[in-house]
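**Student:** Just to be clear, the model below is a prediction. Sequence and coordinates:
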Amino acid sequence: MTRCTLIIFCVMVAGQAMGAAPQLQVTPTPVILGETTEFAIVIRDFPGTLPIQARANVGQVVGVSEAGGVVKIRIRPPQKRFPQRLCLIVWRDIDQPLVVRIPLLGRTELPIRTRANTQVTLRIGKEIFGPQSSGPRGHLKMRVLIPPGISEGLAEAVASNGMVTRKVVRIQQPAYNTLTLAHHASALRLPKAHVDIVLASAVLTKETPTLWASRGDETRHPIALKEDSAGRWSAHWKVPTSGRWSFAVEQSGSPQARRVVSLRILPQEKAPPPPVPLSPRLVMSTPTPGVQSGWRFAVAAAAGIMHNTGNLFSARLSLNVEGDYPLGPGRVGLQLGTSFAWGSRDVALSAPLESRVSRVLLVPVGLLATYRLSFGRVHPGLAAGPLLHLTRFSGESRETGVSTRTDASFGAVLLLDTHLDLGPGAIVARLGYQYSRVDNEDYALLAGGVIAEFGYRLSF
C-alpha cells in the first residue's frame with residue numbers, strides 16, 4: 001500500500017494579514033502526469049475586484065472563471081511525464097500576486113536487483129512502496145510515484161532468514177522550465193510606457209535569475225530584479241524607446257529555465273496642428289494624424305467542400321479580402337472573393353459521346369455585401385451577392401478522345417459565417433449555398449451547391 005501526500009505552497013505579497021490569505025483546493029489530487037488530463041485550482045477569499053489573470057511555467061492554463069467569490073483555474077498538465085512542479089502566478093493587481101506551487105507526480109517502474117526470493121520495499125521521500133518479491137532471479141521492477149526534486153530512494157530487502165539489506169536507488173530527473181513570468185504594461189505609449197514584472201520559480205532558491213529586454217537584434221538591456229521572498233522577484237522598468245520589445249529570463253546552469261514574452265510600445269503621439277481660422281466667425285481645424293476613419297480591412301483563406309446535391313462532390317479552396325465600416329450594432333462592408341473547386345463526375349453528354357472520364361474545375365469570382373455583429377470574441381455574420389462563374393470541363397470519350405471546354409455563367413451565393421478571435425486574427429467557419437448553372441450543347445451542370453469551409457482571417 002502507498003500513501004501520497006500533496007503539498008501546496010501558497011505565497012502572497014509580504015505585509016498581508018495571515019487571516020486574509022486565500023484558501024486553496026486542488027481537484028483531483030494527486031496530479032499524476034500521463035493519467036490526470038486536467039485539474040482545477042479553486043481559490044476562495046482572493047481580494048480585489050479586477051479580472052483574474054494566471055500564468056504557469058509548465059502545462060497550459062485553459063480556463064479562468066469567478067463566481068460568488070470563488071475563483072476556478074483549469075489547467076492541462078504537460079505532456080512530458082517525468083516529475084515537475086507547477087509554479088502558478090495568479091493576480092488581479094500585478095503588485096499583489098499569489099504564487100502557487102503544486103507537485104506533478106510521475107509514475108514509473110524502477111528496476112531493482114537484490115538477492116533471490118527477498119521481500120523488497122522502497123522509500124521515496126516520505127512514501128513507501130511494496131513489499132514486493134524479487135523472485136528466484138533476484139530481479140524486479142517496482143511501480144512507484146515520484147515527486148519532483150527527489151534524486152534517490154532507499155530500497156530495503158528482507159531475506160527469508162531475516163537478513164536485511166539496504167541499498168540507495170538513484171533516480172534521474174530531467175531538467176524542465178522552472179520559471180513563470182507575469183507582466184503588466186501600465187502604458188503602451190511613450191513617454192509614460194513602463195512594465196511591471198513578477199517572476200517566480202518552482203524551486204525555492206536564493207539564486208536570482210537574469211532578466212533583460214531587447215528590441216530586435218539590438219543590445220540587451222538588463223533589468224534589475226528585487227527579491228520579494230524565496231523564489232519570487234519583481235521589477236519595474238521604464239521603456240526607453242518605441243518598438244516591439246522582448247523580455248527574457250533565465251537562470252545560470254539551467255538553459256531549460258527560460259521564458260520569453262514580447263509587447264509593442266507605441267511612439268509618442270504628435271500634437272495636432274492648431275486650428276486655421278478662415279473667417280472671424282468660422283474656424284476649421286485639420287484632422288488629427290493617426291485618427292482612424294472607422295474602416296477595417298481583412299484577408300481570409302479557407303478550405304472545405306462543396307456538394308451540388310447531385311453527383312458532384314468537390315474539394316474547395318477560397319481566398320477573399322473584405323472591408324467594413326461601423327453601422328448600427330454591427331459592421332457593414334464589401335467582400336471580394338474567389339475560390340477553386342475541383343472534382344470528377346459523370347456528365348450527361350449529347351449522344352453519341354458517352355464520356356467515360358470527366359473532370360470539372362470551378363472558379364467563381366464574387367462581390368458580396370456583408371453584415372456582422374460582435375458578441376465578445378464571437379462575430380457572426382451574413383454575406384450575399386452575385387458572382388461570375390468560370391467552369392472548365394475536360395472529358396474523354398470513345399469518338400472524340402480528350403476534349404476540354406471553358407464556359408462562363410452568372411450566379412449568386414449566400415454565406416453564413418462565424419469568426420472566433422484567436423491570436424492575431426480569427427478562426428472562420430462558413431456554411432452557405434452557391435448557385436450557377438452551365439447548360440450547353442455538350443453538357444449540363446449545376447456548378448454550385450452546399451458549401452462548408454474552415455479557415456483563418458487576419459485584420460489590419
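**Tutor:** Right, received. Where do you want to start?

**Student:** Let me know the average pLDDT across the strand or helix carrying residue 419.
**Tutor:** Element membership for residue 419, per DSSP states H and E: strand 401-422. The average pLDDT for strand 401-422 rounds to 86.

**Student:** Report all helices and strands that the helix or strand hosting residue 457 contacts.
**Tutor:** Using DSSP H and E, residue 457 sits in strand 449-459. Under the contact criterion of 3 or more C-beta pairs under 8 Å, 6 or more residues apart in numbering; DSSP states H and E, strand 449-459 touches strand 296-307, strand 313-327, strand 401-422, strand 425-439. C-betas here are computed from N, CA, C, even on glycine.

**Student:** what comes up buried for it?
**Tutor:** 449, 451, 453, 455-457 (16 or more other C-beta atoms under 10 Å).

**Student:** can you check stretch 234-247 too?
**Tutor:** So, applying 16+ other C-beta under 10 Å, buried residues of stretch 234-247: 234-235, 237, 239, 242, 245, 247.

**Student:** ok, so of the residues you listed, who is nearest residue 61?
**Tutor:** residue 247 (19.0 Å; C-beta to C-beta).

**Student:** ok, back up a step: can you add distance to residue 409 and pLDDT and give the buried residues of strand 449-459 back as CSV?
**Tutor:** Below are these laid out as CSV (distance: C-beta to C-beta, whole Å; pLDDT from 0 to 100):
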residue, distance to residue 409, pLDDT
449, 14, 87
451, 17, 92
453, 22, 94
455, 26, 94
456, 30, 94
457, 29, 91
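
**Student:** can I get those in JSON lines with distance to residue 343?
**Tutor:** As requested, these are arranged in JSON lines below (distance: C-beta to C-beta, whole Å):
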{"residue": "449", "distance to residue 343": "10"}
{"residue": "451", "distance to residue 343": "13"}
{"residue": "453", "distance to residue 343": "16"}
{"residue": "455", "distance to residue 343": "20"}
{"residue": "456", "distance to residue 343": "24"}
{"residue": "457", "distance to residue 343": "26"}
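
**Student:** which among these gets closest to residue 61?
**Tutor:** residue 456 (23.0 Å).

**Student:** show me the contacts for the closest one.
**Tutor:** 300-302, 425-428 (C-beta atoms under 8 Å, 6 or more residues apart in numbering).

**Student:** go with 10 Å
**Tutor:** Residues near residue 456 by C-beta atoms under 10 Å, 6 or more residues apart in numbering: 299-302, 419, 422-428.

**Student:** With residue 457 instead?
**Tutor:** Taking C-beta under 10 Å, 6+ apart, one finds 298-302, 320, 322, 379, 417, 419-422, 425-428 in contact with residue 457.

**Student:** ok, it to residue 324 distance?
**Tutor:** 12 Å (C-beta to C-beta, to the nearest Å).

**Student:** Quick check: end-to-end length of stretch 413-429?
**Tutor:** By C-alpha to C-alpha, to the nearest Å, the extent of stretch 413-429 from end to end equals 16 Å.

**Student:** Quick check: which ranges of the stretch 251-400 of the chain have low pLDDT?
**Tutor:** 252-263, 269-293, 344-357, 396-400 (pLDDT under 70).

**Student:** Can you show me the helices along it?
**Tutor:** In the stretch 251-400 of the chain, no helices are defined using DSSP state H, counting those that start in this stretch.

**Student:** that older thread, any shared contact partners between residue 457 and residue 324?
**Tutor:** With C-beta under 10 Å, 6+ apart as the test, residue 457 and residue 324 both reach residue 298.

**Student:** Residue 66: what's its closest spatial neighbour, skipping adjacent residues?
**Tutor:** Among residues not flanking residue 66 along the chain, residue 52 sits closest, at 5.7 Å (C-beta to C-beta, 6 or more residues apart in numbering).

**Student:** Hmm, residue 46 and the one you found touching each other?
**Tutor:** Yes. If you go by C-beta atoms under 10 Å, residue 52 and residue 46 touch, sitting 7.5 Å apart.

**Student:** Between the two, which is the more surrounded one?
**Tutor:** Remark: of residue 52 and residue 46, residue 46 carries more neighbours, 21 against 17, as counted by other C-beta atoms under 10 Å.

**Student:** in terms of contact, does that one touch residue 53 like I think?
**Tutor:** No. Contact criterion C-beta under 10 Å: residue 46 and residue 53 do not qualify, at 11.8 Å.

**Student:** distance of the nearest residue to residue 436 once chain neighbours are set aside from residue 84?
**Tutor:** Of all residues not flanking residue 436 in the chain, residue 411 sits nearest, at 2.9 Å (C-beta to C-beta, 6+ apart). When C-beta to C-beta is applied, the distance between residue 411 and residue 84 equals 57 Å.

**Student:** How about residue 328?
**Tutor:** Distance from residue 328 to residue 84, counting by C-beta to C-beta: 51 Å.

**Student:** quick one, which of these two is more surrounded?
**Tutor:** residue 84 (29 against 8).

**Student:** out of the helices and strands packed on strand 449-459, nearest to residue 109?
**Tutor:** Between the helices and strands packed on strand 449-459, strand 401-422 lies closest to residue 109; by C-beta to C-beta that is 40.3 Å.

**Student:** That closest one vs strand 449-459, what angle?
**Tutor:** Here the directions of strand 401-422 and strand 449-459 differ by 50 degrees (axes from the mean of the first three to the mean of the last three C-alpha atoms, to 10 degrees).

**Student:** Surely residue 149 and residue 205 touch.
**Tutor:** No. Look at residue 149 against residue 205 with C-beta under 10 Å: they stay out of range, at 11.4 Å.

**Student:** So what are the structural domains in this protein, by residue number?
**Tutor:** Using automatic domain parsing, the domains assigned to the chain come out as 9-104, 106-170, 179-265, 296-459.
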